[in-house]
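Undergrad: can't give you the sequence, but here's the structure:
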């Protein structure tokens, strides 16, 4: 599709032809990886950024920008090359590539062999009647983060990796950025969208809003609406956010919406991986207690075979790894009290889980158990964690150091004690 036959038809993503932007790498593989040894032939994926308004068409500024791109892709190509050449001196120094043969004797044609374009996204943010747009792709020096150039007409506004942060750069460029915009935002009540009759198609953001409707009810705390949807048959208690494979009960546990956790359990919702959502950063001990009372298996394994205990120990491993690094570079001042306290919290959680029967010897799909998690850590850290696991196991078996919680302590600990007492009375 080119400027002569483009007509918006309700599809917010299209293939377009820009012959004078040809010659860069072909970057249509997964995560903008190279997909051909031959240079790009001038065909690209075009996307209009959209919003949740009822209008079925792009904004006039976006259509102005598309027309500009069709008429000026040579100057845009030239800007890409010139800006890349300008940035490469610092890039090569940062990546230690100054002496690599691939980057010697750089010229415009050689630059095209080092970078590629996969897509063009025309943003809503605009200036002087023209929207900003992202040209995204990949580069040889950083396959992980890719390459993104933010444009206004044929001017490069920002040169970076693909990280989704160019809205800030565009707002800063057009003078509309307000650092307080995201403060005190009210979470609007989610709604379902119907296709606009003009094209009988949903916009991408509307499709996403429909897919995540129940999920957002849960995360925003619209419990009355969620429960009403269940009661009138519109919401399945065992439904889930398909693309994330997360059930509504799992989402309620993650967001600590324990009113809905209790409600869904009363409706006999499938527990599946809900316990896992209560561990790690969720730390939802109240929901974990409810799940255990409903018969959740503390050793249930998620899709990759991890148990809840494995998840908790693994989150602790990352903190130990950071501390090991700081010791190696002699920067003990970087070991924060927050991290030290977090390790202590996770150790308490590990003991609680083991006390109610969590088994650190269960292997996941990759053949690793809790004792293997620290395998790449410093020997002292590995020994400390594994000895702690053994100590918790031994104390569970002997009943040593398990103290009945005092009045006012958490129901989770009381539940642990009752389960332990009942197990050892058999």
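TA: Yes, it's here. Keep in mind the model is a prediction, meaning the values are calculated, not measured. Residues are numbered from 1 along each chain as shown.
Undergrad: what comes into contact with whichever helix in the chain runs longest?
TA: Secondary structure assigned by DSSP state H gives helix 73-95 as the longest helix of the chain. Contact with helix 73-95 is made by 18-21, 23-24, 69, 97-98, 100, 103, 106, 108, 111-112, 114-115, 117, 135, 141-142, 149, 151, 154-156, 159, as judged by CB atoms under 8 Å, 6 or more residues apart in numbering. Quick note: C-beta positions are derived from backbone N, CA and C, even for glycine.
Undergrad: switch the cut-off to 6 Å
TA: 18, 20, 21, 98, 103, 108, 111, 141, 154, 156, 159 (CB atoms under 6 Å, 6 or more residues apart in numbering).
Undergrad: and what of stretch 142-159?
TA: Contacts with stretch 142-159, where a contact means CB under 6 Å, 6+ apart, come from 32, 68, 72, 75-76, 79, 83, 87, 115, 127, 130, 132-139, 160-162, 166, 169, 173.
Undergrad: for the nearest residue to residue 196 once chain neighbours are set aside, give me its contacts.
TA: Excluding the flanking residues, the one nearest residue 196 by CB to CB, 6 or more residues apart in numbering is residue 56, at 3.9 Å. The contact partners of residue 56, taken as CB under 6 Å, 6+ apart, are 196, 198, 199.
Undergrad: ok, the second one - contacts?
TA: For residue 198, the set of contacting residues under the criterion of CB under 6 Å, 6+ apart consists of residue 56.
Undergrad: one more pass at 10 Å, please.
TA: 9, 10, 55, 56, 57 (CB atoms under 10 Å, 6 or more residues apart in numbering).
Undergrad: the contacts of stretch 142-159 in helices, which ones?
TA: Those of the contacts of stretch 142-159 lying in helices (DSSP H): 68, 75, 76, 79, 83, 87, 166, 169, 173.
Undergrad: counting neighbours, what do you get for the third one?
TA: Each residue near residue 76 was counted by other CB atoms under 10 Å, and the total is 22.
Undergrad: then the second one?
TA: A count of nearby residues for residue 75, using other CB under 10 Å, gives 14.
Undergrad: next one: the fourth one
TA: Counted with other CB under 10 Å, the neighbours of residue 79 add up to 18.
Undergrad: name the nearest residue to residue 187, ignoring sequence neighbours.
TA: In space, residue 187 is closest to residue 220, 4.2 Å off (CB to CB, 6+ apart).
Undergrad: list the contacts of that neighbour.
TA: So residue 220 contacts 186, 187, 188, 189, 190, 226, 255, 257 (CB under 10 Å, 6+ apart).
Undergrad: same question, residue 126
TA: By CB under 10 Å, 6+ apart, residue 126 lies in contact with 59, 60, 61, 62, 64, 65, 132, 152, 170, 174, 176.
Undergrad: the fourth one against residue 133, yeah?
TA: Looking back up the chat, that one is residue 62. Yes - using CB atoms under 10 Å, residue 62 makes contact with residue 133 at a distance of 8.6 Å.
Undergrad: the two: which is more packed in?
TA: Between residue 62 and residue 133, residue 133 has the larger neighbour count (other CB under 10 Å), namely 29 against 23.
Undergrad: what are the neighbouring residues in contact with the more buried one?
TA: Residue 133 neighbours (CB under 10 Å, 6+ apart): 46-49, 62, 65-66, 68-69, 76, 120-123, 125, 149-153, 157, 166, 170.
Undergrad: that one pairs with what?
TA: Counting by DSSP bridges, residue 133 is bridged to residue 122, residue 151.
Undergrad: quick check: pLDDT value at it.
TA: With respect to pLDDT, residue 133 scores 98.
Undergrad: check residue 145 too.
TA: Residue 145 is given a pLDDT of 87.
Undergrad: and what of residue 73?
TA: pLDDT, residue 73: 93.
Undergrad: now it. Nearest residue, chain neighbours left out?
TA: Using CB to CB, 6+ apart, the closest residue to residue 73 is residue 18 (4.2 Å).
Undergrad: could you measure from that neighbour over to residue 80?
TA: With distances taken as CB to CB, to the nearest Å, residue 18 is found 12 Å from residue 80.
Undergrad: common neighbours of these two, please.
TA: By CB under 10 Å, 6+ apart, the residues touching both residue 18 and residue 80 are residue 117.
Undergrad: compare the two (neighbour count), which wins?
TA: Ranked by neighbour count (other CB under 10 Å), residue 18 and residue 80 place residue 80 first, with 25 against 22.
Undergrad: and the pLDDT for that one?
TA: Residue 80 is given a pLDDT of 97.
Undergrad: for residue 379, see how far away it is.
TA: Remark: distance between residue 80 and residue 379 (CB to CB) = 49 Å.
Undergrad: with residue 294 instead?
TA: On the measure of CB to CB, residue 294 and residue 379 end up 42 Å apart.
Undergrad: and the two? Which one has more around it.
TA: Ranked by neighbour count (other CB under 10 Å), residue 294 and residue 379 place residue 294 first, with 15 against 9.
Undergrad: once you drop chain neighbours, what's closest to the more buried one?
TA: residue 265 (5.1 Å).
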